[in-house]
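Enquirer: Okay, structure incoming, though there's no sequence with it:
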Ligand code: FES
Ligand SMILES: [Fe+2]
């Protein structure tokens, strides 16, 4: 699929973050580019759709959309978890329309004409279809998706041939489960959703650097000792964080906590999820920034705790994220999105220092590199020399 003429660009991407330029601005709003991302990234990558604690009983389900692909995840009565495309095989009505729920019977019944499927995806009932010539229920199934459960979080993939995610992020998972060993039994406590007028990479860029923390998040730089803040990138994931001060202007931590219990960290997993620690509390948040269109992102910040309740510190942190930090970041991202359309702007530079200090943007470069690698085969080669690497 060619990129539209107006946005035809040949560009390289430098693997060295210290000398690289960012992805070109048009990749943040161009429809054809987004179509490529949809096909080359989101149809082959793992999406975190929720946590097993949200579907504890047989018949409980979650739904999601991976860009334009509706999916659902079902807890079967044998305890297993399966995922399917959320589209009826008759005339494609969504089978499950709520974000979360529980089936009223053992069958998944389409609300449109009541075709009904069992938990293996097999069609079991299709009213009045007995007399249809050549119609054989046994030949009709829902298409199943790959599912992986990691730390209790449910990941699905639209690509039946996708590599397993677990081995690709194992060191990060090990690090997180050392800090919170009981994640598998956690429960959803709070959730806040932001629909953002910005490209998903723009949201990711903002998440993955703390260069903006000093000017934009005054309370955050008082919360975390920035001298201890480190950003590490590798493979499909990155890890950044530092040690929190007990007394600060964001929220106070309980006294007497060891440094390990005061660690703030963001564990990012390609392409669109990060897990955010809540230092001073046993809670954790998943931060999913799902692309819905070239310039819109559905950001879901879900907080989990051991018993589905937040203690006083957890509530303070959630309020800080939902009422202060979250809106501050949405504002930044939406203003960047507007600026990306400026005729004056084509590409920027990463601020990456040799010490990889807290304000270094090498995790943003890491995200851009992954995007470039997934799409490089589609970037047209012939362009005027002055366009190259601009
Ligand atoms: S579309 Fe589902 S039964 Fe008709
Ligand atoms: Fe921020």
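Expert: Structure received. What you see is a predicted model, and the numbers here were worked out from it, not measured in a lab. Ligands and ions are numbered 1, 2, ... in the order given.
Enquirer: What segments of the stretch 151-300 of the chain are strands?
Expert: Using DSSP state E, counting those that start in this stretch, the strands of the stretch 151-300 of the chain run over residues 153-157, 187-196, 230-234, 237-243, 263-269, 273-277, 284-293, 296-305.
Enquirer: ok, and the closest non-adjacent residue to residue 268?
Expert: Distance criterion Cβ to Cβ, 6 or more residues apart in numbering; nearest residue to residue 268, sequence neighbours excluded, is residue 274 at 4.3 Å. All C-beta atoms are positioned from the backbone trio N, CA, C, and that covers glycine.
Enquirer: Next: residue 100.
Expert: Using Cβ to Cβ, 6+ apart, the closest residue to residue 100 is residue 62 (5.4 Å).
Enquirer: Could you measure from the one you found over to residue 214?
Expert: Separation of residue 62 from residue 214 (Cβ to Cβ, to the nearest Å) stands at 38 Å.
Enquirer: quick one: which of those two has more around it?
Expert: Using other Cβ atoms under 10 Å as the criterion, residue 62 and residue 214 rank with residue 62 on top: 24 against 13.
Enquirer: Show me what the more buried one bridges to in the sheet.
Expert: residue 73, residue 100 (DSSP bridges).
Enquirer: Tabulate the strands of the stretch 151-300 of the chain (a markdown table), appending mean neighbour count.
Expert: Converted to a markdown table, the strands of the stretch 151-300 of the chain look like this (neighbours: other Cβ atoms under 10 Å):
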| stretch | mean neighbour count |
| --- | --- |
| strand 153-157 | 24 |
| strand 187-196 | 17 |
| strand 230-234 | 17 |
| strand 237-243 | 21 |
| strand 263-269 | 21 |
| strand 273-277 | 23 |
| strand 284-293 | 21 |
| strand 296-305 | 22 |
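Enquirer: export those to CSV and tack on distance to residue 339 and mean pLDDT?
Expert: As requested, the strands of the stretch 151-300 of the chain are exported to CSV (distance: least, Cβ to Cβ, whole Å; pLDDT from 0 to 100):
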stretch, distance to residue 339, mean pLDDT
strand 153-157, 33, 98
strand 187-196, 15, 97
strand 230-234, 24, 92
strand 237-243, 24, 94
strand 263-269, 24, 94
strand 273-277, 24, 96
strand 284-293, 19, 97
strand 296-305, 16, 97
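Enquirer: Could you save these as CSV and add columns showing distance to residue 80?
Expert: Formatted as CSV, those follow (distance: least, Cβ to Cβ, whole Å):
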stretch, distance to residue 80
strand 153-157, 12
strand 187-196, 20
strand 230-234, 32
strand 237-243, 27
strand 263-269, 23
strand 273-277, 23
strand 284-293, 22
strand 296-305, 22
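Enquirer: Let me know which of those is the nearest to ligand 1.
Expert: Closest approach to ligand 1 among the strands of the stretch 151-300 of the chain (Cβ to the nearest ligand atom): strand 153-157, 21.6 Å.
Enquirer: counting contacts, what elements does that closest one pack onto?
Expert: On a contact count with 3 or more Cβ pairs under 8 Å, 6 or more residues apart in numbering; DSSP states H and E, strand 153-157 meets strand 46-51, strand 60-66, strand 69-75, strand 81-85, strand 144-150.
Enquirer: Please identify the deepest-packed of those strands.
Expert: Most buried of the helices and strands packed on strand 153-157 by mean neighbour count (mean count of other Cβ atoms under 10 Å) is strand 46-51; its value is a mean of 25.
Enquirer: per-residue confidence at residue 382?
Expert: pLDDT recorded at residue 382 is 53.
Enquirer: next one: the one 4 residues further on
Expert: pLDDT recorded at residue 386 is 49.
Enquirer: Near ligand 1, which residues of the stretch 201-350 of the chain are found?
Expert: Nowhere does the stretch 201-350 of the chain come near ligand 1, counting by Cβ under 6 Å from any ligand atom.
Enquirer: what about the helices in the stretch 251-390 of the chain?
Expert: 312-319, 326-340, 362-375 (DSSP state H, counting those that start in this stretch).
Enquirer: Tabulate the ones you listed (a markdown table), appending mean neighbour count and mean pLDDT.
Expert: Listed next are the helices of the stretch 251-390 of the chain as a markdown table, based on neighbours: other Cβ atoms under 10 Å; pLDDT from 0 to 100:
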| stretch | mean neighbour count | mean pLDDT |
| --- | --- | --- |
| helix 312-319 | 19 | 91 |
| helix 326-340 | 17 | 97 |
| helix 362-375 | 21 | 96 |
